[in-house]
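**Student:** here is a sequence with its predicted model. Questions after.
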Amino acid sequence: MSGCSAIFSTVSRFLSLGICRPAIIAGVVLLGILAVECHGQDRNTIRRQERIERTLLTQLRLDSENASSWRLLGRVQLELNKLEKARESLTRAVGLDQLNAAAHYDLGRVFIRLGREQEAIVEFRSVIEIAEESSYADKARNHVLELGAELPDESDIVQAGFEVRQFGGLERLPIDQNDKLQPPSSAPSNLYIRLETGVLYNSNVALSPISRNLFPGTRDSFQAFVAPTIDYQFVSRENVTAGASFAGDFNINEGDFREFNLQSYRPALYVERVIFGPAGILVPRIQYEFAHDAFEGTPFGNRHAVTASLANFWDCGGTSFIYWASDYTDFVTDGILPSVTSRDGLTHAAGFSHTLDVERRHLETVTAGVDLKRANIEGTDSAFDGVSLFSEMRMPIVEHLLLTVRGGWGFRDYRLFEFEPSRNENVWQVGAELRKRFNEQVSVAFVIDYDYFDSKNVLFAAERYVGGVVLRFEN
């Protein structure tokens, strides 16, 4: 069966499994309360936004008077939590186009995040005066009322386009802020570096990035870790970029678990294009990644993966993402009977997610999505069809302090498993991160995650807790 038809046949297989309806309802309710997503997708979203930021900066070096590009740049920087840079970019946008309601609205959002509520009110009132019938104006009215201010008298408003507006832009800026309308001093860099390091408590240290399952039993240890990420764009022409990246995970466990000291190397090559459409920014991308995992220097397995994806950063707010991925994994050890115990094989996955900009003081975004997966594994113990639901909430607490709550539910049907009881399992994931950003380069986070592989077959049931402190440096 081809990868594509295999993925879509997964849906009908799950409908025939007779999964307990209360369990499904419970999973959906939990998702609505917790809002869930995995770390890997969150990191990939951030990296896509960072590449869009670099592309926009490159374009603005050639055309620094493009108000729309400044506005898009500001919105991307806002999503990356680069608040001062977002303020500079959006101030530039409204200075170039005083009737740009979207730019005024996004600038108001930045001022809220910066704790500058009076300036935010001015921007939101400008949105109402410029385009009182727009969706931006509706949201701006809500913000003005939430901030305890009065709405402008809309009976005297003349719609933009019928007369020249006499507000917004340069005339509202203090003299000493006029220099803020100049392009940001930092030129776009083709090199991006991120380094995360810290200390974690991990209740199941035998999990590597290419593993499909947790190992049963208890292997808990404190661990120090380092996780570098390097991304270099060696081709950057107009809207097309090509580059190479490297991600790694390295940790050291306590003495009894030194054999599980992880070394993970994941180099990748990618090509992507930024397309400025009528409704937002489209980013098609294709990537090849090679992964090599080892424990205490002993090879554990290799993976070759190809991913094709399409992201759309909507001009009205929000981000949609769709992907297709195929990978082949070859583990060093195939077990005592490879036809049953081998985990080698080809996996196909497809998924969709959407991030909604909620734009409330303590609720910034909500993400939800679905993944389908078919694992054509050589060993009958490990071949499965899977489906998962996930979501995430990002909640600003105060300036530069962000709480992210995520989690998810999935089900795996091990269609070739030959023994009793069944290995079929529910997969639960819950996590939270509280991140304090000191500046645009340095932040620290307290993290906690829980993974639970719930199977009636006790040989395969497993769980893991991870918690600790993570320090991040990025350029």
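**Tutor:** Structure's in. What do you need?
**Student:** how many neighbours does residue 202 have?
**Tutor:** By other CB atoms under 10 Å, the residues close to residue 202 number 23. The C-beta positions use only the backbone N, C-alpha and C, and glycine is treated the same way.
**Student:** which residues are in contact with it?
**Tutor:** By CB atoms under 8 Å, 6 or more residues apart in numbering, the contact set of residue 202 is 220-223, 253, 464-466.
**Student:** rerun that using 6 Å as the cut-off
**Tutor:** By CB atoms under 6 Å, 6 or more residues apart in numbering, the contact set of residue 202 is 223, 466.
**Student:** against residue 250, how distant is it?
**Tutor:** From residue 202 across to residue 250, the span is 14 Å (CB to CB, to the nearest Å).
**Student:** same deal with residue 427?
**Tutor:** 26 Å.
**Student:** one more: residue 271?
**Tutor:** Using CB to CB, residue 271 is found at 28 Å from residue 250.
**Student:** repeat that for residue 231.
**Tutor:** Distance, residue 231 to residue 250, by CB to CB: 18 Å.
**Student:** try residue 322
**Tutor:** Distance from residue 322 to residue 250, by CB to CB: 32 Å.
**Student:** also residue 473?
**Tutor:** Per CB to CB, residue 473 is found 16 Å from residue 250.
**Student:** so what's residue 270 up against?
**Tutor:** Per CB under 6 Å, 6+ apart, neighbours of residue 270: 243, 287.
**Student:** now it: which helix or strand?
**Tutor:** When elements are defined using DSSP states H and E, residue 270 is found to belong to strand 262-273.
**Student:** just the buried positions in that strand, please.
**Tutor:** For strand 262-273, the neighbour count (16 or more other CB atoms under 10 Å) marks 262-266, 268, 270, 272 as buried.
**Student:** how far is the next helix or strand after that strand from where the chain is centred?
**Tutor:** Next helix or strand after strand 262-273 toward the C-terminus (DSSP H and E): strand 275-277. Chain-centre distance of strand 275-277: 21 Å, with CA atoms, centre = their mean, to the nearest Å.
**Student:** with stretch 312-322 instead?
**Tutor:** Centroid separation for stretch 312-322 versus its chain: 12 Å, with CA atoms, centre = their mean.
**Student:** could you give the mean pLDDT of the strand or helix carrying residue 193?
**Tutor:** Secondary structure from DSSP H and E places residue 193 in strand 191-202. Average pLDDT, strand 191-202: 92.
**Student:** which SS state does residue 352 fall under?
**Tutor:** Assigned by DSSP: H, G, I helix; E, B strand; the rest coil, the conformation of residue 352 is strand.
**Student:** how much space between it and residue 314?
**Tutor:** Noted for residue 352: a distance of 14 Å to residue 314, by CB to CB.
**Student:** who's more crowded, these two?
**Tutor:** For the pair residue 352 and residue 314, the greater number of neighbours falls to residue 314 (17 against 14), based on other CB under 10 Å.
**Student:** in the sheet, who's paired with the more buried one?
**Tutor:** residue 280 (DSSP bridges).
**Student:** separation between it and residue 274?
**Tutor:** 14 Å.
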